[in-house]
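**Q** I would like to see how this sequence folds:
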Amino acid sequence: MHKRYGLPIVAACAALIAGCGDETSTEPSVQASTLAHFLPDHNTLRSKLREVLEEQNGGLGFEMWATILDRNGKVVDVVFSGEQRGDQWPGARVLSAQKANTANAFSLEGFALSTANLFAAVQPGGSLFGLQESNPVDTRVAYAGPVSAYGTAHDPMIGRRIGGVNVFGGGLALYSGDGKLLGALGVSGDTSCTDHIIAWKLRHSLNLDDVPAGPDDSNTDNIIYVEGTLDGFEHAICFDLDGQGSHIDIGNALPETHPVGPEE
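**A** All right, here's what the predicted structure looks like:
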């Protein structure tokens, strides 16, 4: 069944056509220090990620990476949930940064797009096919050493712009309680559907989810599951291992179980 999307989609699509822009273009003057004001310290952020993973999130039940960057695309923090770096997919570190960059690049103060919302449009024949090739990762930032610092408070990505576009679940824009778009969060390490669920719950725990509008029926940037033909802002379904819960049920319920908006 196809869903209808309101007029805000026009503005969102116009933003996609315009692209990310650069530091010389007109953009909100939100710096890393502004976002940092709303964020916990590195160890607390890691603890919040670990707390989310204690819940049922569907998928595989794997450990995760999370990256936060500011509105200018500069990485603010990088954490992993396991006891050591090898407990989660090494490649998911850069994927988490890509997802954060994508959600930041294609969200506005008046309309949020999660990376999961971009999945359908970039498939062959889709209206945004090729978007995922448009802003490559800066490998000098992504793979700078030392590797021993990855996921620590001194991760080499911090303070630098990673770039990249990733078009499956796990990337969400971050909004303060007064609706200001501060940057974005990216999570990676499990199925793309579960990555979205974990990112949503982590954003909620940070109280940075005052989402103004989005393409989902709940008027948020939640994942929109569909079986069969993809259209609009939808995302393919994933799979779950026994004991992890149903990612479809958990994902669909997120606007009710973890509602957007400032903490009351």
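**Q** which residue ranges of the stretch 151-264 of the chain form strands?
**A** Remark: strands assigned in the stretch 151-264 of the chain by DSSP state E, counting those that start in this stretch are 171-175, 181-188, 225-226, 235-236.
**Q** can you list the strands that the longest one pairs with?
**A** Read that as strand 181-188. strand 65-70 (antiparallel), strand 171-175 (antiparallel) (DSSP bridges).
**Q** show the subsequent helix or strand relative to the first one.
**A** Following strand 65-70 in sequence order, the next helix or strand is strand 75-80 (DSSP states H and E).
**Q** circling back: quickly compare the strands paired with strand 181-188 and say which is most buried.
**A** strand 171-175 (a mean of 32; mean count of other C-beta atoms under 10 Å). Any C-beta I mention is one placed from the backbone N, CA and C, and that applies to glycine too.
**Q** quick one on the thing from earlier: would you turn the strands paired with strand 181-188 into CSV with mean pLDDT and distance to Asp155?
**A** Listed next are the strands paired with strand 181-188 as CSV, based on pLDDT from 0 to 100; distance: least, C-beta to C-beta, whole Å:
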stretch, mean pLDDT, distance to Asp155
strand 65-70, 98, 9
strand 171-175, 98, 18
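**Q** in a markdown table: those, plus distance to Ile223.
**A** Shown next, in a markdown table, are these (distance: least, C-beta to C-beta, whole Å):
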| stretch | distance to Ile223 |
| --- | --- |
| strand 65-70 | 17 |
| strand 171-175 | 10 |
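**Q** in the stretch 51-200 of the chain, which spans are helices?
**A** For the stretch 51-200 of the chain, applying DSSP state H, counting those that start in this stretch gives helices covering 92-105, 139-142, 192-205.
**Q** so who does Gly171 touch?
**A** Counting by C-beta atoms under 8 Å, 6 or more residues apart in numbering, Gly171 touches 98-103, 114-116, 184-187, 199.
**Q** tell me how far it lies from Thr257.
**A** Distance from Gly171 to Thr257, counting by C-beta to C-beta, to the nearest Å: 20 Å.
**Q** again, but for Ser107
**A** For Ser107, the distance to Thr257 - C-beta to C-beta - is 22 Å.
**Q** burial of Ala142, as a residue count?
**A** 17 (other C-beta atoms under 10 Å).
**Q** wouldn't it be in contact with Ala97 here?
**A** Yes. Using C-beta atoms under 8 Å, Ala142 makes contact with Ala97 at a distance of 7.1 Å.
**Q** overlap in contacts of the two?
**A** 157, 162, 164.
**Q** which residue, other than its chain neighbours, is closest to the second one?
**A** It stands for Ile162. Ala97 (4.4 Å; C-beta to C-beta, 6 or more residues apart in numbering).
**Q** and the one you found, how far from Arg50?
**A** Following C-beta to C-beta, the distance that separates Ala97 from Arg50 is 19 Å.
**Q** and those two? Which one has more around it.
**A** Remark: of Ala97 and Arg50, Ala97 carries more neighbours, 32 against 15, as counted by other C-beta under 10 Å.
**Q** surely the more buried one touches Val165?
**A** No. Applying C-beta under 8 Å as the test, Ala97 and Val165 come out as separate, 11.3 Å apart.
**Q** list the residues that contact Lys48.
**A** When the contact criterion is C-beta under 8 Å, 6+ apart, the partners of Lys48 are 40, 202, 205-206.
**Q** tell me where the model's unsure across the stretch 151-264 of the chain.
**A** Low-confidence segments of the stretch 151-264 of the chain (pLDDT under 70): 264.
**Q** picking up where we left off before, now which of the contacts of Lys48 would you call buried?
**A** With neighbours counted by 16 or more other C-beta atoms under 10 Å, the contacts of Lys48 contain buried members at 202, 205-206.
**Q** no further queries at this time; thank you.
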